[in-house]
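*Asks:* okay, here's the prediction I keep looking at, along with the sequence it came from:
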Amino acid sequence: MNKSEFVAAIAAKAGTTKAEAEKLVAAYHEVVTETLVKGEKIQLIGFGNYEVSERAAREGRNPATGAAITIAACKLPKFTAGKALKDKVNGKK
């Protein structure tokens, strides 16, 4: 499912226009992004959690030359599915 299909599905479920659904999806993305940039966690009970995880600097290898390189530390957005979502995906009640 791409973004336009996602917006169309939201519009159909909510009984709104695609333009209104597009605004809602954009607002959702903005809120999630802004919250994660602040380093805060979002918990959506029954759906999942969004959080920022930190990856330490580490040594890696350049696959072309085999030379050792240092990979810088970074922060990564992470989504963890909640139990209810996992159960639905796996066909459990």
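*Replies:* Thanks, I have it. Computed from a predicted structure; not experimentally measured.
*Asks:* could you use CA atoms for every contact and neighbour count after this?
*Replies:* Will do.
*Asks:* mind giving me the domain ranges of this structure?
*Replies:* Residue ranges for the domains of the chain, per automatic domain parsing: 1-40, 41-93.
*Asks:* state whether E40 is indeed within a helix.
*Replies:* No. Counting by DSSP: H, G, I helix; E, B strand; the rest coil, E40 is not part of a helix but coil.
*Asks:* save the domains of the chain as CSV, and put in mean neighbour count and mean pLDDT too.
*Replies:* As requested, the domains of the chain are exported to CSV (neighbours: other CA atoms under 10 Å; pLDDT from 0 to 100):
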stretch, mean neighbour count, mean pLDDT
domain 1-40, 14, 96
domain 41-93, 12, 94
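*Asks:* helix/strand/coil for whatever residue is furthest in space from the centre of the chain?
*Replies:* Here the chain reaches farthest from its C-alpha mean at T65, the gap being 33.8 Å by CA atoms, centre = their mean. Under the three-state scheme (three-state DSSP), T65 adopts coil.
*Asks:* hey, what's the nearest residue to G82 once chain neighbours are set aside bridged with?
*Replies:* Spatial nearest neighbour of G82, chain neighbours left out: G48 (4.1 Å); criterion: CA to CA, 6 or more residues apart in numbering. Beta-bridge pairing for G48 (DSSP bridges): L44, A81.
*Asks:* now do the one 10 residues further on
*Replies:* R58 forms beta bridges with I71, as assigned by DSSP bridges.
*Asks:* for it, what are its contacts?
*Replies:* Neighbouring residues of R58 by CA atoms under 8 Å, 6 or more residues apart in numbering: T70, I71, A72, A73.
*Asks:* name the nearest residue to the first one, ignoring sequence neighbours.
*Replies:* In this structure, T70 finds its nearest non-sequential neighbour in E59, 4.6 Å apart by CA to CA, 6+ apart.
*Asks:* element containing the residue nearest the centre of the chain?
*Replies:* Most central in the chain under CA atoms, centre = their mean is F79, positioned 5.2 Å from the mean C-alpha point. Assigned by DSSP states H and E, F79 belongs to strand 74-81.
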